[in-house]
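Structural data only, the sequence is not supplied:
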């Protein structure tokens, strides 16, 4: 057992294809399953082809659940441009890396 104090490696969850209202239930199930496990979860949306505000609402709900349960939830960077545009347009700056938030 290591006692170095380093944080546990993040469990990576890859979400692919359409990440919209049409597939939100599948994305929700994947997120809930991931949030039952380790203390850190990284969402990889690089394989996403379409995004909508329903998916962003799911991200926000997952973040609230993760915070409540003490789980670090992050988006793998760089965020795909279409998702980044929706996040920026909606003012969801918390999903950007810390350096980008401090520069804005």
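That came through, no problem. Quantities reported herein were computed from a predicted structural model and do not represent experimental measurements.

does residue 74 have beta-bridge partners, and which?
On the basis of DSSP bridges, residue 74 is bridged to residue 42.

And the pLDDT for it?
Here the pLDDT value assigned to residue 74 is 93.

Verify the stated contact: it with residue 42.
Yes - in this structure, residue 74 is within contact of residue 42 by Cβ atoms under 8 Å, at 5.2 Å. Where C-beta positions appear, they are placed from N, C-alpha and C, glycine not excepted.

higher neighbour count, the two?
Neighbour comparison, residue 74 and residue 42: the larger count goes to residue 42, with 17 against 14 (by other Cβ atoms under 10 Å).

Overlap in contacts, residue 74 and residue 42.
Common neighbours of residue 74 and residue 42 (criterion: Cβ atoms under 8 Å, 6 or more residues apart in numbering): residue 10.

Quickly find the element holding the closest residue to residue 73 other than its chain neighbours.
In space, residue 73 comes closest to residue 66 once its chain neighbours are excluded; the distance is 3.8 Å by Cβ to Cβ, 6 or more residues apart in numbering. Assigned by DSSP states H and E, residue 66 belongs to helix 53-68.

What are the buried residues along that helix?
55, 56, 58, 59, 62, 63, 66 (16 or more other Cβ atoms under 10 Å).

Run the chain-centre distance for it.
Offset of helix 53-68 from its chain centre (Cα atoms, centre = their mean, to the nearest Å): 8 Å.

Need the residues that contact that helix.
Here helix 53-68 has contacts from 19-21, 24, 27-28, 31, 35, 41, 43, 71-73, 75, 83, 86-87, 90, 92, 94-95, using Cβ under 8 Å, 6+ apart.

10 Å instead, please
Residues from elsewhere that reach helix 53-68 (Cβ atoms under 10 Å, 6 or more residues apart in numbering): 13, 15, 18-25, 27-28, 30-32, 34-35, 39-41, 43, 45, 48, 51, 71-75, 83, 86-87, 89-90, 92, 94-95.

Of the residues you listed, grab the buried ones for ChimeraX.
Buried residues among the contacts of helix 53-68 (16+ other Cβ under 10 Å), as a ChimeraX selection:
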select :13,15,18,19,20,23,24,27,31,34,35,40,41,43,45,48,51,71,73,75,83,86,87,92,95
